[in-house]
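# what's the 3D shape of this:
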Amino acid sequence: MIAIMGALDQEILDIRRRMMVKERVAERHGKLYRGRFLDKEVLLVKTGMGKNRAEKAARLILERYPVGSIISLGFAGAVAPELNIGDVVICSRLYCLCRIGGGWREEGRCHSNRRLLELAAGRDALPEGWHLGSSASILELESSTSRLAGLGEAFPVQIVDMESYWIASLAAAANIPFIAIRSVSDTPRSTLKPFDEIFTPEGTLLFKKAALAFLIHPRYLWNTYLLYQNVLLARKNLLDCVSRLVRQM
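I've put the predicted structure just below:
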């Protein structure tokens, strides 16, 4: 069974729509869909955002289901200037980074499974906008990657997320093949605020806080539209890459 894990509904939506869902389970530590995707047995998991939720969901599926491999997917913020909205990063190394004063410190490091990397990347040149790279998982949601200045220079990473490293470390401990695939929804050139203030860690919009923010800062409405367009492109490319991998597994 292939476990496909994403933090938000928008990250797993396109796969869920294409699945033949046989079972839906609402767990305290995640929402699960069991069925078939591209003729493979799949467990699709919505974890919620951040380290704690990702770890709890990963432990749950590893304890209860016959998981043979794990794909962590979702959106990411780019810290490498060459990346654009919608670009896909197939992550070979996954760092855990902690902010210390004005800098960053490495707390841990994992690797994606070599065979899964080969299947995802293929034997030919990667499609335009797809990259082999590395990710950094951080603890705090940032409203824009412009606030992560210096991270890409201090560590050999191209993107940041909030879940991949912790899922990878649990997969490694259980000797389960793992890979992370992320699509860029925010770059250092973006100013998509105040999303760290108006969403819960599960990605649910806080309507009262959002209404107040939009009233005080009308430009945030334009930011919301831009984010929606970014997400649509990131979703499409993420689906293409994950589908290519699953077909070969």
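# Show me what the helix or strand containing A180 is packed against.
Per DSSP states H and E, A180 falls inside strand 178-186. Applying 3 or more CB pairs under 8 Å, 6 or more residues apart in numbering; DSSP states H and E, one finds that strand 178-186 makes contact with strand 69-78, strand 88-100, helix 114-121, strand 159-161, helix 164-173, helix 219-248. Heads up, the C-betas are built off the backbone N, CA and C, glycines and all.
# Check the offset of stretch 40-52 from the chain's centre.
Centroid displacement of stretch 40-52 relative to its chain, using CA atoms, centre = their mean, to the nearest Å, is 10 Å.
# Pull out the buried residues from that stretch.
Neighbour counts over stretch 40-52 (16 or more other CB atoms under 10 Å) mark 42-51 as buried.
# Next up, the contacts around the nearest residue to Y165 once chain neighbours are set aside.
When the adjacent residues along the chain are set aside, Y165 lies closest to S137, with 3.6 Å between them (CB to CB, 6 or more residues apart in numbering). Residues in contact with S137 (CB atoms under 8 Å, 6 or more residues apart in numbering) are 51, 94-97, 160-166.
# From these, pick the one nearest E23.
Using CB to CB, E163 comes nearest to E23 of those, at 23.3 Å.
# Name the SS class of the residue nearest to that closest one when sequence neighbours are not counted, please.
Counting by CB to CB, 6+ apart, E163 lies nearest to A54, which is 3.9 Å off, once chain neighbours are set aside. Assigned by DSSP: H, G, I helix; E, B strand; the rest coil, the conformation of A54 is helix.
# Measure how buried A54 is and give me the count.
A count of nearby residues for A54, using other CB atoms under 10 Å, gives 29.
# does it really touch S169, like I thought?
No. A54 is beyond contact range of S169, at 10.1 Å (criterion: CB atoms under 8 Å).
# Overlap in contacts, the two.
Common neighbours of A54 and S169, counting by CB under 8 Å, 6+ apart, are absent.
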